[in-house]
Every structure is written in structure tokens, then in C-alpha cells.
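Chemist: Structure for the following, please:
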Amino acid sequence: MGVNSNRVEDFSSHESSTIIRIPTELSTSSNHQPTFEMIHSVCLPPKKTTTQKLKHKLSEIFFPDDPLYRFKNQQWSRKLLLALQFLFPIFQWAPEYNLKLFRSDIISGLTIASLAIPQGISYAKLANLPPIVGLYSSFVPPLIYSVLGSSRHLAVGPVSIASLVMGSMLGEAVSYTQDPILFLKLAFTATFFAGLFQASLGLLRYIYIYIIKLLIFFNLHLLGFIIDFLSKATLIGFMAGAAVIVSLQQLKGFLGIVHFTGKMQIIPVLSSVFNHRDEWSWQTVLMGIGFLVFLLTTRHISMKKPKLFWVSAAAPLTSVILSTLLVFCIKSKAHGISVIGHLPKGLNPPSSNMLYFDAPLLMVAIKTGIVTGILSLTEGIAVGRTFASMKNYQVDGNKEMMAIGFMNMIGSCTSCFVTTGDDGSFSRSAVNYNAGAKSAVSNVVMSSAVLVTLLFLMPLFYYTPNVILGAIIITAVIGLIDYQSALSLWKVDKLDFLACLCSFFGVLFISVPLGLSIAVGVSVFKILLHVTRPNTLVLGNIPGTNIFQSLNRYREASRISSFLILSVESPIYFANSTYLQERILRWIREEEEWIKANNGSVLKCIILDMTAVTAIDTSGIDTVRELRKILDKRSLQLVLANPVGSVMEKLHQTKVLEAFGLNGLYLTVGEAVADISSAWKAQA
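Modeler: Okay, here's the model as predicted:
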């Protein structure tokens, strides 16, 4: 009789697991002989109280990076300084700031200001807001971010996608032409809730995620799913679809159409274009095409030669100046070219009194705020981390959430709409980085340039043609159409590609929020498919080793006589337990058919490799118990190999392991095969 040492051992009462050496020789169906000399016991994890387990679990969920580790063993004065640096990153870099760094930040700040001014005006119109609101949003938020933000290169301001989403979602509830004041109030309110949501995620870590999800689920028509399922594939399709819609919307300015649809779907937009051919203006078309070619050319030059980044950065402001001068010179003959008109001078007026909290439209503002907040937060943090990795410093995601959140909350009270960092092919952050920015002071310089513009230069924009703003928007969003990533999705994951297409066509033909929801639905279906139908494999032995791998993946792997070795690559719980039981029984049936067809040895033992089973619930435990009973009735032995600590603990607590006996639990598949084979030989 072979010796076995696989009894369950309590880790807290043993310094090491029991080891017993046994001589073993195994023959496989291919006459290979893997040899094993040691059988190890399987240990339970260290004993912990329920309170200790809960504390550890909560710590791992909410504080994986241990954000307060810097405060340990520090004096109170040092803790106060660390707290200030933690809440206000400006206290980290300000003491080391010098004139040399300031010179670099002045250059980069003025460079991005030349880009931010025309973009701010353009994106405000994209959100169906007064153009001046775009400049307001390029003044206050950058100042707030320079104090609270942890990125040195993120350039803050309005962005095209958030502007589009805000304009379209609010436009479904309120007409910006019929009631512009109410529309403006809802925009400021949505900005406030976007900031509140963003700051909450940063302040309270991930606790508020679940609260917000519940609120959205019950009150906001399932939009909570968007929070967790904005996958890369979904965003690629959404961004591309939004870019196309944004570009088509600019045909109003390009063609000089006065009566244009307010809808955001491709069919109404194109119908409006062709149904108003009598309003087309050849002067506007000519100017629009000319400056669009100029902007695209400068973009192409900067992409080919990154050192010439300033060419594309200066192009929008150059276009505004040249087109404004041109229209001013021919104003008597340019009646068909619409212009921005009067823009009021002065600093941001307070708007806290315009926040709208009345019941009828409050849910619209909250929905719009959360969706635009998620999109802007995702984009801002991703871009900040990208440039941080290039310069080998770290961007704190929670600080970014708080910084972006607070600047939007404060912005909503100072006549600003949703802002974040970066945008499209005219990336402010990329320009800021290439211009040599060294700190967030570049945002202060940019804000100062916008301040000068607001105080003294607003009359100069009177004759700026709207078609130029459209050309700037098109050139900015065209970089959001990432066809190479879409092709990569097709090659790597067809379901991801399907989610991308659903998002793209949903935005084009239905609406921006519903298109996004459809894509999220596809992503949810993909997740459910993986969760409820996990992968299972039949393993074989690699000749001359104690390694067991998939028979389908490794041709050299061979079956072990009388054994069926299965691997489950997922947790076992209520969602997949029934499927796994049925699939394992099917593997057994197919193995028996293979043995019969190939005149192999009778199947005696099924080894379940649980290395990848990271968790198990009561339904999964019942499945293991039921499976053992079914196989026992068929005179088949079920053996478990290498259950992880949490799984092992639950199996032990529910006394499932008692039914498996001494030969039912092993540390590795190899040791299970060796020990059981030795026992069979001793019995023969």
C-alpha cells in the first residue's frame, strides 16, 4: 500500500508542510515515465478572526496602494506638511520651483493658450452654449488644477466629446434656441454634478461607486452600467461615431445654412443639409475648405516631424486671425458669411445662482453630468498618466479625480462647463509636453493669456467667421477616428470589435447616449459569457517532466493511463456551477468514448486541477459535493489538486473534504498521479 500524506494541515500549527518521500514509476499511454519523489500536505491558510478577515478584505478593495503609508511614524509637524502635500500637490513642487523652470513654462503656457482660445470658443458652440462660456472655461479651471492636480503636463480646458455629449443630452430635453437661459442653467448644473461625481470618487475612494450605481440604476434608467463598462473597444467606437457626428454637424457653418436640425443622428443631419440647398453660401464653402486644408496640412506636418509641433499648435489661432481680417476687409461683400458677433468683455460672472435643482429637469442634469464626468475623467487621467510615464513620475489617480472634480464644481459656479485635459488631434497636453512644460505653472500662464483676452481682446473676435470654428473642430476630432485600433480589435477579439461597431453605429443612427448604452450591453453580454461559460481543459503530461498542460495546446503532452486530468480556469460560483458540473460530466463521457475507441486503460480517477479557481461560493461547494457523489456511484475517484487558500478554507469549513478521504486532496497534479498510481500498484 502506498504511503500518503495529503491530510489537511493547519498552517498555524506547523512550521512547514509534511513531506514523505516515496519511490514511484509511472507508465503513460505513450510509455513516458514521469518520476516524483515527494508528496506534500495541503495546508490551510493562517487562522484569522472574522474582524481580521473583513479588515484585510476592505483594505485590499478600497486601499490597495496604502495611501497613508507616508504618515506612519512621523511627528505631527511632519504629518501636517505631508497632509498639505497630499491634498494640494502644489506644496510638493513649489519649494523647488525656480526661474529656469518658469522660462520653460511660459513658452509652453503661451503655446497652449494659442490653441486653447480658439478651441474654447469652438467647443462652447459645439455644446450649444454661448462662445464666451468656452473662454470662461479656459480661465478658471486651469487655475484650480494647477493647485490640486498631480500632472505636470495635462493642459486643462473644454474638450470636444464632452461638449458634444452635453449638447446632445441636454438638447433632447430643452431647446437651446427656444429657451437659451434654461439650457445654460442645465449646462452649469450638469457641470456641477459631473464635478461632484468626480470629486466623490477621489475623496471617498471607491465607496461612492456603489452608491452612485444604485442611484443611477433605480433613478437614471440603468446608466450606471456605463461607469463600469466603458471598455477600450466601446470607447474606440463611441469616439469615432461622435467624431463623425461632430464633423457632419459642422456642415451648418461650412455651407452657411441658417435653418439646421438640432438632432445628432446622421440621417436627420444629412437630410437637413440637402433639404436646405437654397441656403448654401459659396463664399462660406470656399473659405471653409481653404482653411480646413490649411489646418489638416499643418497637422500632417506636425505628425511627420514632431519637432514642428508648434506648426499645428499655432494653426487654429492663425486661422482665426487671418479669417477675421479677411471678413473684416470684405464685410461689405460677405453677407453670406456668418460671424460670431459681439462677445462681452470681462471676467467670469458668478453662476451659482443659475444652478438648477427643480424636480422636472434635475434628473436630466444629473444624467448628463455623470456621463460627461465619466468621459472627461477617463480621458484626463489616461492622458496625464501617459505623459507622466514618459518623464518617469507618477500621477495619482485619486488626486486627479479630486482636482478635476473640484475644478468642475467651482467652474459651474463661475460660468464654466465641463472641462478636462487633452482633446483629439489638437492635443493641448501633447503640445504642452512638446513645448517643454515643467510643471502645472504652464496652466497658470495659459489662464493668464486667456485673462488678457477676456479683458481686452474680445471685440477683435466680432468678425470671426463661424465656419473657421467648424474647421477647427473637424481638425481636432478627426484624430479620434482610430481605424488602426479597430482593425486590431478585429484581429484580437471579435466580440470587442462587435462592441466597437455597435457603439459606432449606435451613435450615428440612434443617439449619443443610447449608442453608448448599446455598446455597453454588448460588453455586458461578453462578460456574462465569460463568467457563466468558463474555460475547461484536459491536461496531459509533458514527457520527462512533472508538468501538465493542455492536450490541445501541446502536441507532445500525453494522457496518463486511467486518469482524466481537468483544469477549471475561473472561480466556481452560482453563475457557472451548473454549467461546470455538466461540462465535467461531458468530458468524462468523451474520455470514456476515446478510451473505448483506442483500447486504452479503464478510466478510474478524475483529477480536478484547481490552481486557477480563485474563489468558490456555497453553490460551487455544493457542485463539488454533488460531483463527487455522482462519480462515486460510477466507481470513479474524484481528486482535487492545489486549491488556493480561500477555497481550501471553505471546503474545510463545510466538511466537504471529509468525504474525499486520504487520497482526495493533493498539492500538485503530479503528486496526485504519483501517489494514486503507487496505491493502485500496491493493491494489485
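
Chemist: Below-threshold pLDDT in this structure: ranges please.
Modeler: Applying pLDDT under 70 to the chain picks out residues 1-38, 53-54, 56-71, 204-230, 262, 332, 334-335, 422-427, 684.

Chemist: Could you point out the helix or strand that follows the top helix by length along it?
Modeler: Longest helix in the chain by number of residues (criterion: DSSP state H): helix 359-390. Proceeding N to C from helix 359-390, the next assigned helix or strand is helix 397-412, under DSSP states H and E.

Chemist: what's the angle between that next one and helix 359-390?
Modeler: If you take axes from the mean of the first three to the mean of the last three Cα atoms, to 10 degrees, helix 397-412 sits at 140 degrees to helix 359-390.

Chemist: Give the other helices and strands that helix 397-412 contacts.
Modeler: Secondary-structure packing of helix 397-412 (3 or more Cβ pairs under 8 Å, 6 or more residues apart in numbering; DSSP states H and E): helix 140-148, helix 180-203, helix 359-390. Heads up, the C-betas are built off the backbone N, CA and C, glycines and all.

Chemist: so which of the ones you listed gets nearest residue 525?
Modeler: Closest approach to residue 525 among those (Cβ to Cβ): helix 359-390, 20.5 Å.

Chemist: now that closest one, how far from the centre of its chain.
Modeler: Helix 359-390 has its C-alpha centroid displaced from the chain centroid by 11 Å (Cα atoms, centre = their mean, to the nearest Å).

Chemist: tilt between it and helix 180-203?
Modeler: 50 degrees.

Chemist: So which elements touch helix 359-390?
Modeler: helix 160-171, helix 180-203, helix 207-219, helix 225-228, helix 397-412, strand 420-421, helix 428-434, helix 512-532.

Chemist: Quick one: distance of the helix or strand following the fourth one to the chain centre.
Modeler: This points to helix 225-228. Sequence order places helix 232-249 as the next helix or strand after helix 225-228, per DSSP H and E. In terms of Cα atoms, centre = their mean, the gap separating the centre of helix 232-249 from the centre of its chain is 16 Å.

Chemist: and helix 232-249 with helix 160-171, angle?
Modeler: Going by the same axes, to 10 degrees, helix 232-249 makes 70 degrees with helix 160-171.

Chemist: nearest to residue 472, of the helices and strands packed on helix 359-390?
Modeler: helix 160-171 (9.9 Å).

Chemist: need the helices and strands packed on helix 359-390 in JSON lines with mean neighbour count, can you?
Modeler: Below are the helices and strands packed on helix 359-390 laid out as JSON lines (neighbours: other Cβ atoms under 10 Å):
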{"stretch": "helix 160-171", "mean neighbour count": "26"}
{"stretch": "helix 180-203", "mean neighbour count": "24"}
{"stretch": "helix 207-219", "mean neighbour count": "14"}
{"stretch": "helix 225-228", "mean neighbour count": "18"}
{"stretch": "helix 397-412", "mean neighbour count": "24"}
{"stretch": "strand 420-421", "mean neighbour count": "31"}
{"stretch": "helix 428-434", "mean neighbour count": "25"}
{"stretch": "helix 512-532", "mean neighbour count": "19"}
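
Chemist: Nearest to residue 130 among these would be which one?
Modeler: With Cβ to Cβ, the closest approach to residue 130 among those belongs to helix 180-203: 7.4 Å.

Chemist: Return the list of helices and strands in contact with that closest one.
Modeler: By 3+ Cβ pairs under 8 Å, 6+ apart, helix 180-203 packs against helix 160-171, helix 207-219, helix 359-390, helix 397-412.

Chemist: and those as CSV, adding distance to residue 452?
Modeler: Shown next, in CSV, are those (distance: least, Cβ to Cβ, whole Å):
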stretch, distance to residue 452
helix 160-171, 24
helix 207-219, 39
helix 359-390, 26
helix 397-412, 20
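
Chemist: Specify the stretch among those helices that is closest to residue 458.
Modeler: helix 397-412 (19.6 Å).

Chemist: distance between the closest one and the chain's centre?
Modeler: For helix 397-412, the distance to the chain centre is 18 Å (Cα atoms, centre = their mean).

Chemist: go on, stretch 412-425?
Modeler: When distances are taken as Cα atoms, centre = their mean, stretch 412-425 is centred 19 Å away from the chain's centroid.

Chemist: and it, C-alpha only, in PDB?
Modeler: Extracted C-alpha coordinates of stretch 412-425, given in PDB (Å, rounded to 0.1, in the frame of the first residue of the first chain):
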ATOM      1  CA  SER A 412     -20.000  75.500 -12.500                       C
ATOM      2  CA  CYS A 413     -20.300  78.500 -10.100                       C
ATOM      3  CA  THR A 414     -18.100  80.700 -12.400                       C
ATOM      4  CA  SER A 415     -19.900  80.300 -15.700                       C
ATOM      5  CA  CYS A 416     -17.900  77.300 -16.900                       C
ATOM      6  CA  PHE A 417     -19.000  74.000 -18.400                       C
ATOM      7  CA  VAL A 418     -17.300  70.600 -18.200                       C
ATOM      8  CA  THR A 419     -13.500  70.700 -18.600                       C
ATOM      9  CA  THR A 420     -10.700  68.200 -18.500                       C
ATOM     10  CA  GLY A 421      -7.300  67.600 -20.200                       C
ATOM     11  CA  ASP A 422      -6.400  66.900 -23.800                       C
ATOM     12  CA  ASP A 423      -8.500  66.600 -26.900                       C
ATOM     13  CA  GLY A 424      -8.400  65.000 -30.300                       C
ATOM     14  CA  SER A 425      -5.500  65.600 -32.800                       C
END
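
Chemist: Cool, thanks, signing off.
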